[in-house]
Structures are given as structure tokens and as C-alpha cells.
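[1] Attaching a predicted model along with its sequence, questions to come.
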Amino acid sequence: MKSLTITHLQKTYFDPFAARQVTAIRDISLTVEAGDFVSVVGPSGCGKTTMLNLIAGFLPPTGGEIRVDGRAVSGPGPDRGVVFQSFALFPWRTVLDNVAFGPKMRGVPKARRHEIAQEYLALAGLAHAAERYPNELSGGMQQRVGVVRALANEPDVLLMDEPFASVDAQTRMTLQEELTRIWAQRRSTVLFITHDVNEAVFLSNRVVVLSHGSVLDDIAIDLPRPRSWDALIEDAAFKTLAARVLQQVRAA
Amino acid sequence: MSAAVAISPWQRLWGAYVRGSARHPALASLVPFVPVIVLWAAVARSGIFPPVFFPGPVEVLRKFDTLMANGILPAYLEDSVVRLAAGTATGLALGIPLGLLIGMSDRAHRALWPALLFFQAIGDIAWLPILLIWFGFGLTTMIFVIVYTVLFPVVLNTVLGVRSVPLELHRAALSLGASKARVVWEVVLPGALPNIMTGLRNGLGFGWRALIAAEIIVGTSGIGFLMFDARRAGSVVEIMLGMIVLGVLWYIVDGWVLAPIERATGERWGLVTR
């Protein structure tokens, strides 16, 4: 796992209907150290999803630079794995073949890439679902596959765009706990976008608050790990941190 | 409540049919035709129309036997099916790449779409007069008509399919390391497949009709020719036989070719609901 460095990132759009330039990202500089877990929170329209799309290479920035492990990047690439809010699993591929997709693109032979996929599926307790199609799974299970598919390609950085926003509340808590467990095992470098303050504090080492396309605050989360909702939901330190982040988001 | 509500004989019969057709799917495709055939036989038997004008199922079946025995029906059937298959395969080979191009490239869409709509309006048979002058009464003319007929529904539906693939799937494939060319094969084509199947289904349906029309006009062999030739001889039995063959053949194409592909793809993937 490698570091992610963003310097003076900018993005403006031309809005043909309003006939003016719209600033989505004013100026963002941010470093995610190798093996760190950083969340980005902020109100709708603060530019957090645009920021992820820029880092992933789905949109070209109008200014600034993105470096993964010191290399400048442009355009999408397997060094930055992405987990989407809409899961974005390939409906025509089985769970196993979805997870094996990244290795397949790298030219890993079939037997080996299925082995890799099986290992990663087992990591998320999905070994039994390998031969099923995505539409046969619940939302929670589909997103487990989405996370595992990104991990199985061994990216330098994992980008997660509100991945748990469209699953039910109970499943979401389980997925958050599973993610912290997997992260602790693999020490991935993660940039996690969310609008859920509790989620950000629960998962992260750092929470960055975005406002109008700039960084408003950068808060260290020094809660002990491993973390579980049973332990943290009534924890004073957790509540204080969450309250502080929430205050900043509301001020944003 | 222990008092069972009485089951009527009709419900008993319906239940037996549902269970039976679940066990033997062939029943479900044959039984619905029983009332039609019974009605047909009854009208033919009643003598309302002279038998030469309105023959019954038995006469048609006998004619079927004769034409099978002397080899005319198998030969004509082969001619028609080969023409349809060749025309459809060519139509797909041209239509799918063209649809992918137009669906993915804004420039290709701007350049080709208006012409496509223009030529779509000139229906298959409207081409026959000029084709007969250019290519004469032969296979080329008939294949051209079928290709032309199959092409448009395939192209239009492929474009629709390409555009219906969610942007996120393109992005997912790219960030998993797929090249742009690979994305076409791994994402665009399978994503558009349910629509391509719809295009094929429509194209085959129109193509089948266009073929019969072309065979009637071009008139050298085939099921369309058989029917039109029978008219000249005043043989209603043969005309009816031709009509039934058309229906049965479509039923077979649907049941043995189209439906299984649809079950194995779009329906299996949850992209289309039945």
C-alpha cells in the first residue's frame, strides 16, 4: 500500500445554461499516508464526490496534481481501486468473476485468478456466494463484493464513494465493522467519502471536513482499535469527536 | 376452518393442466392450439363453405404428407430458412458494430443517425422494384431485402442498449485496469445484449415477413413462392399449409433459439424482468 498526495487540486466547470464557470473544487491539498484511513465529510455540494472522481481519474482536474506513491497520475488506473455507492458490479458476471475481473485485466491465468478471488471472498465471508449473480444478492452482500473486488486487484490506494449509503442501517453498521477488520488485516491506504459523521469517526484515523471546495478542518481520530459499535456507541471520547466533526460540517 | 370449499370439475381440470404442463413443457406449447384446430375442423365439417374454399385440418395434413413425400416442402423450406439465416447473420454482423459505433461516438451519431432514419423509412419491399432491375430475380435481391429489414431494428436497439449501460460500470472496469477497447468487449457489449436481443427478435420477425413477400414477387422457390404458386392453381389447401408452416416455424425459432438465449442472458442477469 502506498501514499496519496494531492496538491492544489482545482476543478471548474463551464455551465452552458448559466453561461458561467462553476467552481467545484477551489483548492485542496491533502496527504493520505501509506496505510492510513482518511474520511472526507461535508454537506451536499461541498465537492467531495467531485474530488473522488478527480482522484480516480474519471474527470480531468483544471489545476493541481495527484500523486500515488510519488507518481503523478491522470486518467483511471488499477493503482486506485474504487468502491461505488451504486456497487457497479457487472450483472453478467458471477460474484467470482466480478472479483477476478481486475486480475483478469492484468493477464493472470484463469485458475490463479479464481484462486485469488476465492481468497478475497472468504475474507468477507462470501465464499458460499461465488457462483451467484449480483442480482441474486442483497444490497449488503453486493457491496461486500464491491469492496472485495476492489481489494483483490491490490490497488495502491482504495477510494470509497459513500459505499454504504444505500444499504439499510443495521447492515451498514455490520459493513462498517467488517471494513475496519479487513483494513486492520491488510493495512490498505483508504480515502473514504461520506456524509455520515458517525461513520467517518468510527472508521477513520483522520476526518477531513470539506466546505465549498476547500478543506475546512482536519481532525485526528485517536480512538483505540479494534472498534465496534457495541463499545463505541456510548463511548464519551467517540461522542465528543463526533460532535466536533458534526459542528464543523454544519458550519461548512 | 376445516370445511373444505368444494373444488369444481373445471378447477380440477385446470389444476391437472397446470401440473401436467409443468412436468412436460411441450404440453404448454401444444394444448392452446387444440381449441383452434377443433373450431377449424367444426367449421370445415359444417359445410358452410365449399370444401375447396375452406378445407379442414385433415385435408391440410394429407397435403403436408404428399408435399413431404415428393420432396417439394423440404426443399422450399430449406430455401426459405437458408435465406433467412444468411440474411439475419449478415444483418447482425453489420448492425451490431454499427450500433456500437453510433452508441459510443457522439460524432458517429451526428453523422449517421439522420441517414439511418431516412433509409429506415424506405421499407424493405419498397426496394424491390429497383433491386429487381439491379440484381434480377435471384438470391441477391432476396438477401438484400432481408439484410435491409434486419439491419435497422438491430442498429437502433443496439444504440439504445449501449446508451443504457450505467456510466459507473465503465468507470469500474477502467479503474480495475481495463483498456478502452477491453471495456467495449467486457462492459458495452454484454450491457447492450438484452437490447440487441430485442433488435434481433424484431428484425427476425420483420425479416421473415419480408422474405415471404420477396419470395412471392421474386418467385423461384420457398414457402412464399409455394403459397403464391398454389393461388395460381387454386389450391386453398396448399395456401393454408403454407400459412401454418410460417406460424410453426416462427414458434420453433422463438422457442428453440430466441427464448433460450434470453433466459441465459438478460433474464439471468436481472437486466430484464419477464
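    Okay, I see it. Numbers count the residues shown, from 1 in each chain, chains lettered A, B, ... in the order given.
[2] State which one residue of the stretch 1-150 of chain B is found closest to chain A.
    Closest approach of the stretch 1-150 of chain B to chain A (C-beta to the nearest C-beta) occurs at B:D106, with a separation of 15.3 Å. Every residue, glycine included, has its C-beta placed from N, CA and C.
[3] That residue: how many residues sit nearby?
    The criterion is other C-beta atoms under 10 Å in any protein chain shown. On that basis, B:D106 has 8 neighbouring residues.
[4] List the contacts of stretch B:165-174.
    Counting contacts by C-beta atoms under 8 Å, 6 or more residues apart in numbering or on different chains, the residues outside stretch B:165-174 that touch it are A:56-58, A:75-77, A:82, A:84, A:86, A:88-90, A:101, A:105, B:180, B:182-183, B:186-188, B:191-192.
[5] same deal with stretch A:72-84?
    A:2, A:52, A:55-58, A:60, A:65-69, A:71, A:102, A:105-106, A:143, A:146-147, A:150-151, A:153, A:155-161, A:163, B:168, B:171-172, B:174-177.
[6] before we move on, back to that, give me the pLDDT for the residue of the stretch 1-150 of chain B closest to chain A.
    With respect to pLDDT, B:D106 scores 91.
[7] gap between stretch B:27-45 and the chain center?
    23 Å (C-alpha atoms, centre = their mean, to the nearest Å).
[8] Could you do stretch A:179-197 as well?
    On the basis of C-alpha atoms, centre = their mean, stretch A:179-197 sits 7 Å off its chain's mean C-alpha point.
[9] what does the average pLDDT come to for that stretch?
    Here the mean pLDDT over stretch A:179-197 is 93, rounded to a whole number.
[10] ends of that stretch, how far apart?
    One end of stretch A:179-197 sits 16 Å from the other (C-alpha to C-alpha, to the nearest Å).
[11] quick one: it near chain B?
    No: with C-beta under 8 Å from any C-beta of the partner chain as the criterion, chain B is not reached by stretch A:179-197; the gap is at least 13.2 Å.
[12] Buried residues of that stretch, list them for me.
    Applying a neighbour-count criterion of 16 or more other C-beta atoms under 10 Å in any protein chain shown, one finds A:179-183, A:188-197 buried in stretch A:179-197.
[13] what about the residue of the stretch 151-252 of chain A found nearest chain B, how many residues close to it?
    Scanning the stretch 151-252 of chain A for the residue nearest chain B gives A:N153, at 5.6 Å (criterion: C-beta to the nearest C-beta). Taking other C-beta under 10 Å as the neighbour definition, A:N153 ends up with a count of 23.
[14] A:E131 now?
    Residues near A:E131, counting by other C-beta under 10 Å, number 10.
[15] Determine the set of other helices and strands touching the host helix or strand of B:A28.
    With elements delineated by DSSP states H and E, B:A28 resides in helix B:25-30, which encompasses its position. With contacts defined as 3 or more C-beta pairs under 8 Å, 6 or more residues apart in numbering or on different chains; DSSP states H and E, the packing partners of helix B:25-30 are helix B:9-23.
[16] Which strands or helices does the helix it packs on pack on?
    Secondary structure elements in contact with helix B:9-23, counted by 3+ C-beta pairs under 8 Å, 6+ apart, are helix B:25-30.
[17] Can you list phi and psi of the residue in chain A that chain B sits nearest to for me?
    Of chain A, the residue with the smallest distance to chain B, taken as C-beta to the nearest C-beta, is A:N135 at 2.7 Å. Geometry field for A:N135 lists phi and psi as phi -70, psi -10, criterion degrees, to the nearest 10.
[18] in a helix, that's where B:R201 is, yeah?
    Yes: checked against DSSP: H, G, I helix; E, B strand; the rest coil, B:R201 lies within a helix.
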